[in-house]
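1. Predicted structure and sequence below. I'll ask about it afterward.
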Amino acid sequence: MHKINEDLQKERDKCSFNIQDLITLIDGGPEKTRERKDRENVMLSKREVFDGVPEEYLSHKERYENAIRNSVVAFSLVRKMQEEGKTSINNYRDVVGGLLGSSVLRDGSPLGLHYIMFMPAILNQGNEEQQEKWLPRAWNCSIIGSYAQTELGHGTFIRGLETTATYDAATKQFVLHSPTLTAYKWWPGGLGQTANYCIVVAQLYTKGQCHGIHSFIIQVRDEETHMPLPGIKIGEIGAKLGLNAVNNGFLGFDNFRIPRTNMLMKHAQVLEDGTYVKSRHSKLNYGAMVFVRVVIVFDMVNYLSKAVTIATRFSAVRRQCQLKAGETECQILDYVTQQHKLFVSIAAAHAFRITANNLWLTFNEVNEQLSEGNLQRLPELHALACCLKAVTTADTAACVERCRLACGGHGYMMSSSLPLTYGLVTAACTYEGENTVLLLQTARFLVKTYQQLDSKALTPTVAYFKSAAAEKFCDSWTNTTEGIIRGLQVVAMRKIAHCVIVMTNRVSKGMTFEDAWNMTSVQLVAAAEAHCRVIIMSTFLEEVKEMSRTISPKLKEVLHQLAELYCIYWALEKLSDLLLYTPISQKEVESLRLWYEETLTKLRPNAVGLVDAFDLRDEMLQSTLGSYDGRVYERLMEEAMKSPLNAEPEVESLRLWYEETLTKLRPNAVGLVDAFDLRDEMLQSTLGSYDGRVYERLMEEAMKSPLNAEPVNHTFHKYLKPFMQGKL
Ligand SMILES: CCCCCCCCCCCCCCCCCCCCCCCCCC(=O)SCCNC(=O)CCNC(=O)[C@H](O)C(C)(C)COP(=O)(O)OP(=O)(O)OC[C@H]1O[C@@H](n2cnc3c(N)ncnc32)[C@H](O)[C@@H]1OP(=O)(O)O
Ligand SMILES: Cc1cc2nc3c(=O)[nH]c(=O)nc-3n(C[C@H](O)[C@H](O)[C@H](O)COP(=O)(O)OP(=O)(O)OC[C@H]3O[C@@H](n4cnc5c(N)ncnc54)[C@H](O)[C@@H]3O)c2cc1C
């Protein structure tokens, strides 16, 4: 263990609450903390497998091969935990979510979709027989699945998918076909080279009639040889902004036949003679998407906690400029602008976790009701999952980017882990329903709710519409968290009300409803976002109040400060709305700003303690800037030395510099570091092994660089030499 950076240690010393208490609270109890730590120990026990050449130096092909190797190791550990009874379907969300959100699979996994969508889709859409047939094989990974819905031509508009599944009653088979290039499936994770099965969403035709999209389970590769089956055209879609380990694929069918029983038939069926039996609700087949939208909210908590841990620890270590002339350079965490960049992310991580837990409960309740044939709350669940997925992914992407910027130039280094994290979270703004589209789904529900305000008992998440519509609900402004929520409830309700008025006017002037909707859609998206912010903020506040009864006064104090900060931050962000729809005055806005600044100051001493309480181990953070000991600069240099280019002879000077540094340290170096008592397997260092074979190990490691596979890199002959000879 290295000595902790002095500044970081001081931060920890001044933390006002017990960090372990907050860790336990976040995990949901001491038992859960223990279980999580056990899982992490198992995962990280194979660390040597995961610690290779940094991924950014690998070729596309090598990255895939690396991802497969790491995923197989990681998921075989999950399987082992399954066998030992340490995981079950009940805690799978934590297990798989923790794994994908952790550094072990830091750029996603080609096996992710198998867990996240393939199995849930069978569970959600398969009848009992189908579940019995497919789930055990999927559960133990003897088949690997993907989820192929999106096509080259259509992702959002799934009713417009072109792939057809035509029932042939004579053979009791479906014929899968991709009639055009745009019908090719495009994006499915793991489909490129990894999966041998796949859920495919296609237009169902039987007895000459189209019945809309349905899901089919389809074998795409031979189970023994892994060769694509005849009639299947399959491959990988190429490099992306992020998630480059996911092996996203394309898939086309040339009159490919599957048995009738491979249509997932929990909700709708095709009988042997081709008779179509309708589902109770046409959108029940969309259940797997709702499930994934719910788990994405949890996933955002992982990434946000990770990014803000890195940026906050770095900000405590980093010193830059002087606050007052003549003073020593101050920690950048002391700048209030820096606190403004970071603290809302800490608060948001708590707000999202609490909201995700609530959403999970609602999801399970509604599914329970669905299984009893009660569909009443399905629209509410859909509207809720849509807006929470959209707002939490967009906010997380913005917060991660802010954390990256808060680390200055070093945040731009891949070794900070922040660029990779941004790549992961920004993808979530698009997949599983593009965010604008999802907010419009929520808006559709809100408009309907508003139109039925008088006639209908409102479901819990929109119950505030009625009170907010009452005249006296917000006739004066109070600068309290309750006052802010009340104000934002009025904003959300009034925005929807305004959209309804605008659309009604447009229709009365002769516009079609669809055109009026489209013309008003910017406002509709804003209204849905406002509603979602009310949900997140009120859930956060209520839960903090609720937990206050059982936690220590110190912890209560800091959680209240976070909840306050979160509310004030968003009140100030949405000031124009508040000014438009509530009686807030200039004076009250000014005092809101003071309150915000004072809350930042109150949180400042606990900043490091708060991110420590996310309890993310260094091996999971995998960041030069965010490790627990704060050895930022040493790690940056160590990581730089891993660049394959630094192993080439042209940069001998860098190596010499390194050797000189070693020489300077020499007189006391060995005794000092021996006293840290770190075993070679823990050090994993070319330079630091107990036997001192430094140069041999450096050379051995350098020879592992892909660039060293040829004596001179081929670009030298192709580009550099002709360039130097003036021929290029
Ligand atoms: C035993 C083992 C068990 C194992 C279990 C294991 C569990 C293991 C768990 C492991 C967990 C691990 C966690 C890891 C973290 C995650 C990491 C992620 C990593 C990365 C993954 C990346 C994955 C990414 C994957 C993907 O990306 S996969 C592709 C996703 N693609 C989309 O998401 C398309 C979006 N587009 C649409 O969703 C539709 O197109 C559209 C816009 C709605 C219009 O739909 P349309 O049919 O046109 O409907 P409308 O006409 O607009 O509406 C008509 C009416 O229907 C209503 N309604 C529309 N919907 C719905 C709906 N749902 N439900 C109810 N109603 C609905 C609407 O309210 C309206 O109601 P009304 O107003 O009439 O009353
Ligand atoms: C990393 C990643 C992984 C993925 N994994 C999978 C997978 O495993 N399986 C799978 O099937 N798919 C997967 N997808 C596809 C993903 O689900 C789609 O990309 C997503 O649903 C968005 O659809 P689209 O790409 O067609 O976007 P488009 O719908 O073409 O969106 C483009 C623009 O059009 C706008 N727009 C579209 N429709 C409307 C509308 N009605 N009103 C207003 N604006 C509109 C959008 O807001 C957006 O600005 C993945 C995508 C990504 C990025």
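-> Perfect, thanks for sending it. Ligands and ions are numbered 1, 2, ... in the order given.
2. Name the residues of the stretch 1-150 of the chain found near ligand 1, please.
-> Residues of the stretch 1-150 of the chain lying near ligand 1 by C-beta under 6 Å from any ligand atom: 89, 92-93, 96-97, 100, 112, 115-117, 119-120, 123, 135, 139, 147, 149-150. For the C-beta atoms, the positions are set from N, CA and C on the backbone; glycine is no exception.
3. Now list the buried members of the residues you listed.
-> Neighbour-count burial (16 or more other C-beta atoms under 10 Å) applied to those gives 92-93, 96-97, 100, 112, 115-117, 119-120, 123, 147, 149-150.
4. and the residue in the stretch 151-300 of the chain positioned nearest to ligand 2, what are its phi and psi?
-> The nearest approach of the stretch 151-300 of the chain to ligand 2 comes at G155, 2.2 Å away (C-beta to the nearest ligand atom). Main-chain torsions, G155, degrees, to the nearest 10: phi -120, psi -50.
5. for the protein, longest helix please?
-> helix 336-371 (DSSP state H).
6. wait, V294 sits on A385?
-> Yes: counting by C-beta atoms under 8 Å, A385 is a contact partner of V294 at 5.5 Å.
7. which of these two has more neighbours?
-> Neighbour count, other C-beta atoms under 10 Å: between V294 and A385, A385 has more, with 27 against 21.
8. ok, the more buried one - contacts?
-> V290, R293, V294, L359, F363 (C-beta atoms under 8 Å, 6 or more residues apart in numbering).
9. Quickly check the residues you listed for the two that are furthest apart.
-> Greatest spacing in the contacts of A385, by C-beta to C-beta: V290 and L359 (10.3 Å).
10. Could you pick out the residues of the stretch 151-300 of the chain near ligand 2 for me?
-> Listed as neighbours of ligand 2 in the stretch 151-300 of the chain under the rule C-beta under 6 Å from any ligand atom: H154, G155, T156, W187, P188, G189, L243, N248.
11. redo that, cut-off 8 Å
-> Contact residues (C-beta under 8 Å from any ligand atom) of the stretch 151-300 of the chain with ligand 2: 154-157, 185-191, 201, 240, 242-243, 246, 248.
12. Reduced to three states, what does the residue nearest to R353 when sequence neighbours are not counted come out as?
-> Excluding the flanking residues, the one nearest R353 by C-beta to C-beta, 6 or more residues apart in numbering is V301, at 4.6 Å. Of the three states, V301 takes helix according to DSSP: H, G, I helix; E, B strand; the rest coil.
13. try A202
-> strand.
14. Just give me the neighbour total for it.
-> 27.
15. surely it meets F216?
-> Yes: proximity of A202 to F216 meets the contact threshold set by C-beta under 8 Å, at 6.3 Å.
16. Name the residues contacting each of these two.
-> Counting by C-beta under 8 Å, 6+ apart, the contacts common to A202 and F216 are A165, L176.
17. How much space separates A463 from Q269?
-> For A463, the distance to Q269 equals 37 Å [C-beta to C-beta, to the nearest Å].
18. Please identify the residues of the stretch 1-150 of the chain in proximity to ligand 2?
-> Residues of the stretch 1-150 of the chain lying near ligand 2 by C-beta under 8 Å from any ligand atom: G108, L113, M117, S146, Y147, A148, Q149, T150.
19. try 5 Å
-> Within reach of ligand 2 by C-beta under 5 Å from any ligand atom, the stretch 1-150 of the chain has these residues: Y147, Q149, T150.
20. will you turn the residues you listed into CSV that also has pLDDT?
-> Compiled in CSV, these are given as follows (pLDDT from 0 to 100):
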residue, pLDDT
Y147, 98
Q149, 98
T150, 98
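21. The residues you listed into CSV, with extra columns for secondary structure and distance to F513?
-> What follows is these, written out as CSV (DSSP: H, G, I helix; E, B strand; the rest coil; distance: C-beta to C-beta, whole Å):
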residue, secondary structure, distance to F513
Y147, strand, 33
Q149, coil, 28
T150, coil, 28
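22. what does the protein put close to ligand 1?
-> Near ligand 1, when you scan the chain using C-beta under 5 Å from any ligand atom, you find 92-93, 96-97, 100, 115, 119, 135, 149, 156, 158-159, 283, 286, 289-290, 295, 299, 382, 431-433, 444.
23. and with 6 Å instead?
-> Residues of the chain lying near ligand 1 (C-beta under 6 Å from any ligand atom): 89, 92-93, 96-97, 100, 112, 115-117, 119-120, 123, 135, 139, 147, 149-150, 156-159, 189, 283, 286, 289-290, 295-296, 299, 378-379, 382, 431-433, 437, 441, 444-445.
24. Show me those residues that map onto helices.
-> Among those, the members found in helices (DSSP H) are 92-93, 96-97, 100, 112, 119-120, 123, 135, 139, 289-290, 295-296, 299, 378-379, 382, 437, 441, 444-445.
25. In the stretch 501-650 of the chain, where is pLDDT below threshold?
-> Along the stretch 501-650 of the chain, segments meeting pLDDT under 70 span 649-650.
26. low-scoring stretches of the stretch 1-150 of the chain, by residue?
-> For the stretch 1-150 of the chain (pLDDT under 70), the answer is 47-51, 87-90, 99-104.
27. Skipping its backbone neighbours, what lies nearest whatever residue of the stretch 101-250 of the chain ends up closest to ligand 1 in space?
-> Closest contact between the stretch 101-250 of the chain and ligand 1, by C-beta to the nearest ligand atom, is at M119 (3.6 Å). In this structure, M119 finds its nearest non-sequential neighbour in A138, 5.2 Å apart by C-beta to C-beta, 6+ apart.
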